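Visitor: give me a 3D structure for the following:
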Amino acid sequence: MIPVQGFDGQVVAVLGLGRSGLSAARALVAGGAMPVVWDDNAEARARAEAEGFAVRELTRQGAFDDVASLIVSPGIPHLYPTPNPVVAAAWAAGVPVDNDIGLFFRSFSTRFDEYDSPPRVIAVTGSNGKSTTAALIHHLLTEAGRDAELAGNIGRGVLDIDMPGEGGAVVLELSSYQTDLARALTPDIAVFTNLSPDHLDRHAGMGGYFAAKRRLFAEGGPDRAVIGVDEDEGRYLANQMAMGPGDDRVIRVSAASKLTGPGWQVFARKGFLTEWRKGRQMAAIDLREIKGLPGAHNHQNACAAYAVCRAMGVAPKVIEKGLHSYPGLPHRSQVIAERNNILYVNDSKATNVDSALKALLAFDKIRWICGGLEKEGGLAALAPGLGHVAKAYVIGREAAGFAMQLPGIEAEICTTMERAVTAAMAEAQPGEVVLLAPATASFDQYDNFEQRGEDFAKTVRFALEKG
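Guide: Numbering: from 1, shown residues only. Prediction:
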């Protein structure tokens, strides 16, 4: 645990009692603060009371009279589309509003007196790939013998982690909700993967969404920035951070273009990762046979993780070895099984059209399991990937309507996961991939995308065991 510093003997309010809220409350106690907590959910309040926390309804008159700060969980709107009433009450009372990420950065750097080589904080943000990139950085550093912790929007709550040892690292995945509100953001290395429309209601449009991501690079400034430059926003950000053409504090990353010049670049083309620095090639890695990182989108993740590890002083050969042992994240291009030269891949996290398209482009011949609760905007953007599909097997309550939006490919209306997997496995040929990449939310049939992916994996494994 990282005890929160700066609130000894003071009352601090915590709004939202999920994982991050309870973690913050515990860390506040460890640092000598007196948290008062609130959640609209009665069961969440009861769990907090059972841990000994004082519950206070934060919308009542005078609730903030003795409060030094309000800590807000990431799922609670603090500005758009409308501020939560508790946040508005804190504003009216002049009480600073923060989150657990701000508390972490406020407290982490005060604990380095006993270190000769203090641990560094690596923070990863972006629209797509940030979970894979953060997990891959953590894996590569661990495989290189470094003491590393993984937290934030993935893994453990940021204040729940243990302090890494000498020369170690804390790797944080940070969502736009987290970067937007944190009052302190001072990573040693900051990573921007890419940008595509998401969470626009929470940020009043694309400009506000990018501004939330950009705060990771503006609030104090990282010592080194690793920036994906395959979109205009990334190119703009890299230009803003660099002091000149040869400034290698900025490492540009691309999976779409060959990058050269006097600075420091890492790019992937035709399945090969290349490190280019000071006008010459420094290293190259063949990514094509790394099963945990299929497709150009994962090659971008590999480039970003490689760049971070090089900035941490890890040798290219050590990184290459670690890439080959990376198992992939559950539900994100996760290889479930391989039998008779047929690959079974779970990408249940592909809950929107953009992420599903990336999954389709990662493989040549696909038996595609898709469908669910469709999001706004339709399926037209999937068109560039449909040429990779041998046949679609559509699940979900609205399977027929989904199938009608897939022109030019054969689509079988299966409705259930069991029927879809059974049909796809029966028809799959050697060299093909049975891929779950739904392009939709899961809530018509499942509680979440994890449950959907687990159903796919369980069904595939059961069928293979029977066969």
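Visitor: for the residue most central in space within the chain, which non-adjacent residue is closest in space?
Guide: With distances taken as CA atoms, centre = their mean, S131 lies nearest the centre of the chain, 3.0 Å away. Of all residues beyond its chain neighbours, the one nearest S131 is I154 (5.1 Å), with distances taken as CB to CB, 6 or more residues apart in numbering. For glycine as for every other residue, the C-beta is placed from the backbone atoms N, C-alpha and C.
Visitor: count of neighbours near that neighbour?
Guide: Using other CB atoms under 10 Å, I154 has 19 neighbouring residues.
Visitor: again, but for L79
Guide: So L79, with other CB under 10 Å, has 16 neighbours.
Visitor: how near is it to E454?
Guide: L79 sits 35 Å away from E454, taking CB to CB, to the nearest Å as the criterion.
Visitor: in which helix or strand would I find the residue nearest to the centre of the chain?
Guide: helix 130-143 (DSSP states H and E).
Visitor: ok, and for that helix, which residues are buried?
Guide: 130-143 (16 or more other CB atoms under 10 Å).
Visitor: dump the residues you listed into TSV; add pLDDT as well.
Guide: Converted to TSV, the buried residues of helix 130-143 look like this (pLDDT from 0 to 100):
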residue	pLDDT
K130	91
S131	90
T132	92
T133	96
A134	96
A135	95
L136	97
I137	98
H138	97
H139	97
L140	98
L141	97
T142	97
E143	97
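Visitor: kindly indicate which of these lies nearest H331.
Guide: Distance to H331, by CB to CB, is smallest for S131 among the buried residues of helix 130-143, at 9.7 Å.
Visitor: contacts only, for that closest one.
Guide: 153-154, 173, 329, 332, 349 (CB atoms under 8 Å, 6 or more residues apart in numbering).
Visitor: tell me which of those fall in strands.
Guide: Taking DSSP state E, the ones among these that sit in strands are E173.
Visitor: could I get the buried residues of helix 130-143 as TSV with distance to D98?
Guide: Output for the buried residues of helix 130-143, formatted as TSV (distance: CB to CB, whole Å):
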residue	distance to D98
K130	22
S131	24
T132	28
T133	26
A134	22
A135	26
L136	29
I137	26
H138	25
H139	31
L140	31
L141	28
T142	30
E143	35
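Visitor: domain parsing for this structure?
Guide: Here the domain parsing of the chain from automatic domain parsing is 11-98, 112-324, 334-466.
Visitor: can I assume A423 is in contact with T415?
Guide: No. Judged on CB atoms under 8 Å, A423 makes no contact with T415 at a distance of 11.1 Å.
Visitor: next SSE after the helix or strand of the chain with the lowest mean pLDDT?
Guide: Lowest on mean pLDDT, DSSP states H and E among the helices and strands of the chain sits helix 200-203, with a mean of 85. Per DSSP H and E, helix 200-203 leads on to helix 206-218 as the next helix or strand towards the C-terminus.
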